[in-house]
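**Student:** Just need the structure, nothing else, for what follows:
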Amino acid sequence: MQKEPVRQSWCFTVGQGDVGLRLDQLISLRTGIGRRKVREILGLGGVQVNRRRVRVAGRKPCAGAEIRVTVDESLGKVPDIKPDILFEDKWVLAVNKPFGIPTQGTLASDRHDFLAVMRRYFLNEKLYLTHRLDTGTSGVLLLAKGSVVAGEISSLFRNRAIKKTYLAMIPGHLEPCLLEKPIGRILGSQPVLHGCEGSNLIGQKLATTRFSPADVPEICNKDGFWVFAEPLTGRTHQIRVHLAHLGLPIIGDVLYGGIPSSRMWLHAWKMELLHPISKEIIKIQADIC
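**Tutor:** Presented below is the predicted three-dimensional model:
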């Protein structure tokens, strides 16, 4: 069963009496954490001064500065993953993201995420995210080599010019359907949840997903019912929320009421797009890892 990470956070403002203190001293005084541990937290990127990561223990913040400290005891060692490369040229890199790792840095660390792993592996490249997958989701993740290409690809995503097909395992049969239901954040939920209905939703936006039964023997070899999911919009947790709304939450997606499992069975299986430079159609596919 997936467990919620054990996180602690502190947020405080530097007072006049704190001026002149080193950052590690100040954090230790305000949180009770030993200075050696504070320096470890700084090294992971778990400290922000005025909402920007700071790693220098000897920095002396000014009065009025906001200090945020976040610790996640579940992080473990910094991951060392050899990427499963699906497509690569001078401008674009597509990799098969494993489940269980965030796409980008969290408040507690910018060294344990998949983008950080890729940047350590491709030391001579300037890699940029063009979209994101949830921590529990595996599959095709598209990175750009350079900011200009990143902007071009991000524009394709915004304009819905990229076709994405996911595979999801659910607890029952689902007839082919096109679901159009707005998705909004559930006010006051912690961790943050999204939903389709209720008076406590905020920021609702229309979301559209096409579902159909899947039959891919080389991939769908687990017990359960598999479906193709094609998100025609790009809302947060869209496929997860829509399947939960249909009463068929993804197996392993305990956040939305799914049956507990060794992982969340949602996989970004295929992606098709117009190459931002060559203007050729590229098709990318990832096996479930």
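
**Student:** Next one: Tyr166 from Leu142, what distance?
**Tutor:** Tyr166 sits 14 Å away from Leu142, going by C-beta to C-beta, to the nearest Å. Bear in mind the C-beta positions are built from the backbone N, C-alpha and C, glycine included.

**Student:** Could you do Val56 as well?
**Tutor:** Distance, Val56 to Leu142, by C-beta to C-beta: 34 Å.

**Student:** List the contacts of Asp89.
**Tutor:** For Asp89, the contact set (C-beta atoms under 8 Å, 6 or more residues apart in numbering) comprises Ser278.

**Student:** element containing Leu143?
**Tutor:** Using DSSP states H and E, Leu143 maps to strand 138-145.

**Student:** Pretty sure Phe114 sits against Ile101.
**Tutor:** Yes. The pair Phe114 / Ile101 is scored as a contact, 5.0 Å apart, by C-beta atoms under 8 Å.

**Student:** shared neighbours of the two, which are they?
**Tutor:** Common neighbours of Phe114 and Ile101 (C-beta under 8 Å, 6+ apart) are Ile81.

**Student:** Looking at the two, which one has more neighbours?
**Tutor:** Phe114 (24 against 18; other C-beta atoms under 10 Å).

**Student:** Can you pull the phi/psi pair for that one?
**Tutor:** For Phe114, the backbone dihedrals (degrees, to the nearest 10) come out as phi -70, psi -40.

**Student:** ok, back up a step: please identify which of Val56 and Leu142 sits among more neighbours.
**Tutor:** Legend: neighbour count by other C-beta under 10 Å for Val56 and Leu142, higher for Leu142 (26 against 12).

**Student:** bridging residues for the more buried one?
**Tutor:** Counting by DSSP bridges, Leu142 forms beta bridges with Ala94.

**Student:** just Lys164 next, same as before
**Tutor:** Beta-bridge partners, per DSSP bridges, of Lys164: Met271.

**Student:** wait, what's in contact with Arg158?
**Tutor:** Arg158 sits next to Gly234 when contact means C-beta under 8 Å, 6+ apart.

**Student:** now swap in Ser155 and tell me
**Tutor:** Contacts for Ser155 (C-beta under 8 Å, 6+ apart) come out as none.

**Student:** Kindly recompute the last result at 10 Å.
**Tutor:** Ser155 is in contact with Thr130, Ala161, Pro276, counting by C-beta atoms under 10 Å, 6 or more residues apart in numbering.

**Student:** where in the chain is pLDDT low?
**Tutor:** Residues of the chain that meet the criterion pLDDT under 70 lie in 1-5, 218-222.
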